[in-house]
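Chemist: pasting a predicted model and its sequence here:
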Amino acid sequence: MGSSTSTRNFGFRRFTNIVREGRFRAPAAADLMLGTGVEIDPTSITDPQTVRQIAAAGPNDLGGGGILGLVGVLWYEHDSQSYVGAPAGALVQDYNLAPRGRMVQVIHGAGAKVWFRNTAVDTTEPGLNFPAVRAAVTMVDQLGGAGTLAVGDLLAWNGATTRWAKTAVIAEAVMRVTYVDHDLAVCDAEFLL
């Protein structure tokens with residue numbers, strides 16, 4: 001995939017059967033990272049098409065009793081307007097948040113495949129006009145180092161930690177892990193629904 005289809009921590013592997021539900025609005029008051037587990041926000045009175053992170057202890061959350069309604073992964077395609085006023089040397093991979101209040105997509109579809117990568121704190125190369133340090137990002141629990149994530153594990157959203165996490169409950173699983181590299185802290189996962 002080209003750089004326009006990925007960030008440093010999330011991207012697409014296979015588009016087979018992918019469903020790109022569009023015309024949803026990112027929250028106006030919260031930053032959501034691309035690759036976040038999202039659902040339609042039932043509390044949004046001003047815009048019933050607003051998405052939110054899958055709510056902790058809600059029905060679509062890890063331990064919440066199973067999937068209800070539309071759930072998927074947040075996606076936003078940054079375009080040339082993203083770079084207006086951006087630092088020199090900025091890359092599309094550096095834009096890993098959906099702009100607040102903008103129209104976004106909810107990605108899902110049985111058979112479609114995505115990848116996640118956990119990254120440690122990262123300093124940039126000298127001379128670039130980036131922030132001195134990029135914060136660590138954890139997309140999937142138990143991925144990297146001595147993690148226990150394995151091929152075949154089911155992933156559900158954990159709203160308490162705001163990460164994807166292993167589950168043994170098929171009813172709450174959104175994806176199944178198809179590849180893991182703990183040295184690179186990367187995994188692939190295929191949508192179940």
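Modeler: The structure has been received and is ready for your questions. Residues are numbered from 1 along each chain as shown.

Chemist: what are the phi and psi angles of the most centrally placed residue in the chain?
Modeler: With distances taken as C-alpha atoms, centre = their mean, the residue of the chain nearest its centroid is residue 35 (1.0 Å). Dihedral angles of residue 35 (phi, psi; degrees, to the nearest 10) stand at phi 100, psi -10.

Chemist: got the contact list for it?
Modeler: 7, 9, 10, 73, 74, 75, 96, 114, 116, 139 (C-beta atoms under 8 Å, 6 or more residues apart in numbering). All C-beta spots, glycine's among them, are computed from the backbone N, C-alpha and C.

Chemist: recalculate using a threshold of 6 Å.
Modeler: 10, 73, 139 (C-beta atoms under 6 Å, 6 or more residues apart in numbering).

Chemist: any chance of the residues you listed in JSON lines, with pLDDT too?
Modeler: JSON lines is the format used below for the contacts of residue 35 (pLDDT from 0 to 100):
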{"residue": "10", "pLDDT": "95"}
{"residue": "73", "pLDDT": "95"}
{"residue": "139", "pLDDT": "97"}
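
Chemist: now the residue nearest to the centre of the chain. Nearest residue, chain neighbours left out?
Modeler: Distance criterion C-beta to C-beta, 6 or more residues apart in numbering; nearest residue to residue 35, sequence neighbours excluded, is residue 10 at 3.1 Å.

Chemist: counting neighbours, what do you get for the one you found?
Modeler: Residue 10 has 21 neighbours, counted by other C-beta atoms under 10 Å.

Chemist: now it: how far from residue 114?
Modeler: Going from residue 10 to residue 114 by C-beta to C-beta, to the nearest Å gives 7 Å.
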